[in-house]
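A.B. asks: This is a predicted model, with the sequence first.
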Amino acid sequence: MLAVVPPPVTVRVPAKVNLHLAVGDVRKDGYHELATVFQSLSLTDEVTVAIADDPGVEVTGEGAESVPTGASNLAWRAVRTLAAHVGRDPDDPKVRLVIRKSIPVAGGMAGGSADAAATLVGLASLWRLDIGRDGLANLAAKLGSDVPFVLHGGTALGTGRGEQLIPVLARHTFHWVLAFDRRGLSTPDVFDELDRLRAEGDPPRVGAVEPVLEALSSGDPRQLALLLGNDLQAAAVSLRPGLRRTLRAGVNAGALAGMVSGSGPTCAFLCTDADAAVRVAAELSGAGVCRTVRVAQGPVPGARVVSTDESPRPIPPEVHA
Ligand SMILES: C[C@](O)(CO)[C@H](O)COP(=O)(O)OP(=O)(O)OC[C@H]1O[C@@H](n2ccc(N)nc2=O)[C@H](O)[C@@H]1O
Ligand SMILES: Nc1ncnc2c1ncn2[C@@H]1O[C@H](COP(=O)(O)OP(=O)(O)OP(=O)(O)O)[C@@H](O)[C@H]1O
């Protein structure tokens, strides 16, 4: 009899930007209490999961050379976590991942988290698991604070360490320009730098979140632009002073406002509309303040299957001499 191998599954998953990021005190577990508004963007990674006898991870695209392909790859950790959860052998999951990256590595846009979320969705389909979005969200939270949001997508309020989500109404498509820096920043280093700055002085803190939610429901980018804020920005700029120039250049190019995305160093610029975003992107790429410029819009859906090769490939039975 022929064994039928389920076809590979490809999942597309968005990057995120934090429109509002209030960082509170450090908790006993070392994480900071957050109140944040996430938005998912049309800058996406794709992960293909396939049954394979030679398990492993392949990475191509943006920053691929600095992504680990071993046990520390967050997407591979997602494979092991889901395998263990459903009673499969995490040390021999018989799965191969191909990750095609567009999200900058260590860029503050949840790139590794996105790949982990995509892997959970892809494997749930490949292994035909009856797990549901809530089940996946619980596993996602174990993998990292940003993983539940990129699984979910859209616009959402995140509390706790960022993993507890409430969907937020956003009545408009918002247009963004993203400036990638030449090197990444480590998320723990940026949180540590904020703690240091707070021990020494009084770095700026974002205001209340409610006006941000109102601006989102009004759909007016000008109103939202006035309210964008990120407590981690001072820390990211302290570690990477050149970001000041990048932020200024985006606003000079015509953006409504600019901010550091999450823990940085990517800078995100909110624009009036799609045409303005293209103009700002063109001018910013000529300014020589960053490595690459991209245009994106948000919100977009979270991790979702975009293709399965519908015809399962029969594999011939093993032939023994
Ligand atoms: C900066 C943000 O991207 C904003 O959405 C996130 O807070 C970071 O989320 P993430 O990269 O998924 O972070 P995790 O993998 O959960 O944590 C990495 C490290 O970041 C720091 N961290 C993260 C989240 C949080 N609420 N407080 C923290 O202090 C901790 O040092 C932690 O060890
Ligand atoms: N699949 C992956 N993609 C990118 N980086 C990964 C992946 N798996 C592990 N890493 C490691 O994680 C580190 C952080 O990368 P990532 O792109 O997730 O950062 P980030 O976008 O700044 O994270 P966040 O915004 O969630 O704080 C990288 O330096 C890399 O070594």
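C.D. replies: That came in fine, so what should we check first? Numbering: from 1, shown residues only. Ligands and ions are numbered 1, 2, ... in the order given.
A.B. asks: Give me the pLDDT value at residue 219.
C.D. replies: You'll see residue 219 listed with a pLDDT of 92.
A.B. asks: Could you double-check that it sits in contact with residue 273?
C.D. replies: No. Under the criterion of Cβ atoms under 8 Å, residue 219 is not in contact with residue 273, lying 11.9 Å apart. C-beta: built from backbone N, CA, C; applies to glycine.
A.B. asks: Within range of ligand 1, give me the residues from the stretch 201-321 of the chain.
C.D. replies: 262-263 (Cβ under 6 Å from any ligand atom).
A.B. asks: What segments of the stretch 201-321 of the chain are helices?
C.D. replies: Remark: helices assigned in the stretch 201-321 of the chain by DSSP state H, counting those that start in this stretch are 210-218, 221-225, 233-239, 243-252, 274-286.
A.B. asks: The stretch 51-200 of the chain now?
C.D. replies: Using DSSP H, counting those that start in this stretch, helices in the stretch 51-200 of the chain cover 74-85, 111-126, 132-143, 147-152, 187-200.
A.B. asks: Could you count how many residues lie near the residue of the stretch 201-321 of the chain found nearest ligand 1?
C.D. replies: Nearest residue of the stretch 201-321 of the chain to ligand 1, counting by Cβ to the nearest ligand atom: residue 262, 3.6 Å away. For residue 262, the count of nearby residues is 28 (other Cβ atoms under 10 Å).
A.B. asks: can I see the domain layout of the protein?
C.D. replies: The chain breaks down by automatic domain parsing into domains covering 7-168, 174-298.
A.B. asks: From residue 261, how far out is residue 254?
C.D. replies: 19 Å (Cβ to Cβ, to the nearest Å).
A.B. asks: These two: which is more packed in?
C.D. replies: Per other Cβ under 10 Å, whichever of residue 254 and residue 261 has more neighbours is residue 261, with 29 against 16.
A.B. asks: check contacts around the more buried one.
C.D. replies: 17-18, 107-109, 178, 230, 267-268 (Cβ atoms under 8 Å, 6 or more residues apart in numbering).
A.B. asks: Type out the ChimeraX command that picks the buried ones from these.
C.D. replies: Selecting only the buried entries of the contacts of residue 261 in ChimeraX, with 16 or more other Cβ atoms under 10 Å as the criterion:
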select :17,18,107,108,109,178,230,267,268
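A.B. asks: And the contacts of residue 261, which is closest to residue 163?
C.D. replies: Nearest to residue 163, judged by Cβ to Cβ, of the contacts of residue 261 is residue 18 at 13.7 Å.
A.B. asks: Say whether ligand 1 is contacted by whichever strand or helix holds the closest one.
C.D. replies: Element membership for residue 18 (DSSP states H and E) is strand 9-26. Yes. Strand 9-26 reaches ligand 1 (Cβ under 6 Å from any ligand atom) through 18, 21.
A.B. asks: tell me what that strand is packed against?
C.D. replies: Secondary-structure packing of strand 9-26 (3 or more Cβ pairs under 8 Å, 6 or more residues apart in numbering; DSSP states H and E): strand 32-51, helix 111-126, helix 147-152, helix 187-200, helix 210-218, strand 229-230, strand 292-298, strand 304-308.
A.B. asks: partners of the last one in the sheet?
C.D. replies: Strands flanking strand 304-308 in the sheet, each with its direction: strand 9-26 (antiparallel) (DSSP bridges).
A.B. asks: From residue 257, how far out is the nearest residue to residue 254 once chain neighbours are set aside?
C.D. replies: With Cβ to Cβ, 6 or more residues apart in numbering as the criterion, residue 254 has its nearest non-adjacent residue at 5.0 Å, and that residue is residue 280. From residue 280 over to residue 257 the distance is 11 Å, taken as Cβ to Cβ.
A.B. asks: what touches both of these two?
C.D. replies: With Cβ under 8 Å, 6+ apart as the test, residue 280 and residue 257 both reach residue 269.
A.B. asks: Surely residue 255 touches residue 175?
C.D. replies: No. If you go by Cβ under 8 Å, residue 255 and residue 175 don't touch, sitting 9.7 Å apart.
A.B. asks: quick one: which of those two has more around it?
C.D. replies: More neighbours surround residue 255 than the other of residue 255 and residue 175, with 28 against 24 (other Cβ under 10 Å).
A.B. asks: quick one: buried residues of stretch 184-193?
C.D. replies: 184-185, 187, 190-191, 193.
A.B. asks: Once you drop chain neighbours, what's closest to the residue nearest in space to the middle of the chain?
C.D. replies: By Cα atoms, centre = their mean, the chain has its centre lying nearest to residue 110, at 2.7 Å. Spatial nearest neighbour of residue 110, chain neighbours left out: residue 146 (4.1 Å); criterion: Cβ to Cβ, 6+ apart.
A.B. asks: which residues does the one you found contact?
C.D. replies: Counting by Cβ under 8 Å, 6+ apart, residue 146 has contacts 16, 110, 113, 162, 262.
A.B. asks: Tabulate those residues (TSV), appending distance to residue 304.
C.D. replies: Listed next are those as TSV, based on distance: Cβ to Cβ, whole Å:
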residue	distance to residue 304
16	15
110	16
113	16
162	21
262	22
